[in-house]
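Engineer: Sequence first, then the predicted structure:
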Amino acid sequence: LLCRPFFQKLLPASLHNILFCFHDKLLNLDLCKSFLIVCVFLKVFYNKYYQMSFEQIFNQKSDIEVQAHARVNIVGEHTDYTGGFVMPTLLSFKTIVEIAVNKEKKYEVYSKNFKEKKTFNDFIKSKNNEWIDYVKGCLFVFYDENKNIENKHLKIFISSNIPMERGISSSSALCVAVLK
């Protein structure tokens, strides 16, 4: 019961409910056996829901894979855009973006972190400030600045191990990877 809040945050509701259907049976086992069963369950869950690939989502191979690292400013936070000095450094965390041309006339983007697929045909910002707005903004700027390049619809797969909202440029890494 102490782990229930942890699992509620970690697992989708359907898997959370499956695990806790067996809660009473797990309590009747000794601690080692219960722990082993939960670990096996989590490994199966992890492999099924977190190891998704471009091929599994889009039923084809990607044409290109690019990556961009997280960064942090050692010196000069918020001074770079005002002409001040900065000293950034790369971190080992990175965002990987895989891309293929979409023969259908739409953009399809899958985020492994959010475990959701978004489809769009225009670069208009969402009303709810969603993660897809970063991708839309990058594509808008790219095609606006490169009018001689044909606007091709794309399938985009995003995976990242950069912690979000921690001040190490997860959104910047996403934008850099998309624009690469």
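Structural biologist: Nice, thanks for sending it over. Please read these numbers as outputs of a predicted model, since none were measured by experiment.

Engineer: The top strand by length along the chain pairs with which strands?
Structural biologist: Counting residues, the longest strand in the chain under DSSP state E turns out to be strand 87-101. Using DSSP bridges, the strands paired with strand 87-101 are strand 64-75 (antiparallel), strand 154-160 (antiparallel).

Engineer: contacts for the shortest one?
Structural biologist: I take that to be strand 154-160. Strand 154-160 is touched from outside by 53-54, 57-58, 60, 62, 93-102, 107-113, 135, 139, 170, 173-174, 177-178, with contacts defined as C-beta atoms under 8 Å, 6 or more residues apart in numbering. Quick note: C-beta positions are derived from backbone N, CA and C, even for glycine.

Engineer: go on, stretch 83-95?
Structural biologist: Outside stretch 83-95, the residues that reach it (C-beta under 8 Å, 6+ apart) are 67-77, 79-80, 158-163, 168, 170, 173-174, 176-177.

Engineer: Please point out which parts of it sit buried.
Structural biologist: Neighbour counts using 16 or more other C-beta atoms under 10 Å place Phe93, Lys94, Thr95 of stretch 83-95 among the buried residues.

Engineer: Run through the protein and note the low-pLDDT ranges.
Structural biologist: Along the chain, segments meeting pLDDT under 70 span 1-51.

Engineer: same thing but at 90, please
Structural biologist: Scanning the chain for pLDDT under 90 picks out 1-52, 72-89, 115, 164-169.

Engineer: any idea how far the residue nearest the centre of it lies from Ala70?
Structural biologist: By C-alpha atoms, centre = their mean, the chain has its centre lying nearest to Asn113, at 3.2 Å. Distance of Asn113 to Ala70, given as C-beta to C-beta, to the nearest Å: 13 Å.

Engineer: measure the nearest residue to Gly76 once chain neighbours are set aside to Asp80 for me?
Structural biologist: In this structure, Gly76 finds its nearest non-sequential neighbour in Val86, 3.4 Å apart by C-beta to C-beta, 6 or more residues apart in numbering. To Asp80, Val86 is 4 Å away according to C-beta to C-beta.

Engineer: what is in contact with these two at once?
Structural biologist: Residues within reach of Val86 and of Asp80 at once, by C-beta under 8 Å, 6+ apart, are Asn73.

Engineer: Nice, that's everything, thank you.
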